[in-house]
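Colleague: just the structure for this:
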Amino acid sequence: MKLNELRDNPGATKSKRRVGRGPGSSKGKMGGRGIKGQKSRSGVAINGYEGGQMPLYQRLPKRGFNKPNRKAYAVVNLGLIQKFVDAGKLEAGNITEDTLVSSGLVRRKLDGIRVLAKGDVTGALTISATGASKAAIDAVAGKGGSLSVTSAAAAE
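Modeller: As a prediction, this is how the structure comes out:
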């Protein structure tokens with residue numbers, strides 16, 4: 001067998017219907033487009049067009065505001081940090097944003113990393129991050145560790 005002898009199995013492929021090729025083709029003359037009008041012509045794209053009526057997306061009220069300089073934080077929970085410490089992927093005494101990324105716990109820093117209180121902390125952790133919830137700070141401090149926030153605006 002040679003490359004030029006390769007074929008699909010008979011009946012595996014179906015040739016597409018050729019439009020406008022005479023009355024015997026069942027799609028002849030006007031090719032299933034009906035009579036006259038915008039849609040019978042070529043080069044027509046009318047997404048969201050309602051025949052001159054005000055389109056729905058313009059009739060609905062605009063709501064909300066997207067802040068152009070909004071900060072996006074990578075979020076990590078205390079329970080996951082503890083899990084990585086127990087597995088030996090992080091040192092409990094020195095957890096920074098860079099070590100969180102290098103351990104694979106966080107994919108990328110974005111505008112900083114924010115620590116949340118979900119999960120349990122079993123030992124003393126020393127964490128420094130861009131932001132942290134009050135509950136996370138209290139949970140770490142309750143076990144004899146420290147959670148320092150580098151940016152005061154990020155902490156709530």
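Colleague: below-threshold pLDDT in the protein: ranges please.
Modeller: Low-confidence regions of the chain, defined by pLDDT under 70, span residues 151-156.
Colleague: where exactly do the helices run in the protein?
Modeller: Using DSSP state H, the helices found in the chain span residues 56-59, 78-86, 97-103, 134-142.
Colleague: nearest to Leu116, of these?
Modeller: Between Leu116 and the helices of the chain, the tightest spacing by Cβ to Cβ is seen for helix 134-142, at 5.6 Å. Glycine gets a C-beta too; all of them are placed from N, C-alpha and C.
Colleague: Arg107 touches Ala74, doesn't it?
Modeller: Yes - between Arg107 and Ala74 a contact is recorded at 7.3 Å, counting by Cβ atoms under 8 Å.
Colleague: and those two? which has more neighbours close in?
Modeller: Ala74 (19 against 9; other Cβ atoms under 10 Å).
Colleague: residue contacts, the more buried one?
Modeller: Val106, Arg107, Arg108, Lys109, Leu110, Gly112, Ile113, Arg114 (Cβ atoms under 8 Å, 6 or more residues apart in numbering).
Colleague: and which of the residues you listed is nearest to Gly11?
Modeller: Arg107 (47.7 Å).
Colleague: burial of Pro55, as a residue count?
Modeller: 13.
Colleague: what's the most buried one of the helices of the chain?
Modeller: With neighbours defined as mean count of other Cβ atoms under 10 Å, the helices of the chain peak in mean count at helix 78-86, which reaches a mean of 19.
Colleague: just checking, what packs against it?
Modeller: strand 113-116, helix 134-142 (3 or more Cβ pairs under 8 Å, 6 or more residues apart in numbering; DSSP states H and E).
Colleague: repeat that for 10 Å
Modeller: Secondary-structure packing of helix 78-86 (3 or more Cβ pairs under 10 Å, 6 or more residues apart in numbering; DSSP states H and E): helix 97-103, strand 113-116, strand 126-129, helix 134-142.
Colleague: contacts for that helix?
Modeller: Residues external to helix 78-86 that are found in contact with it (Cβ atoms under 10 Å, 6 or more residues apart in numbering): 76-77, 89-93, 95, 99-100, 103-106, 115-123, 125, 127, 129, 132-133, 135-136, 139-140, 143, 145, 147.
Colleague: between helix 134-142 and it, find me the angle.
Modeller: Per axes from the mean of the first three to the mean of the last three Cα atoms, to 10 degrees, the angle that helix 78-86 makes with helix 134-142 is 40 degrees.
Colleague: no further questions, thank you.
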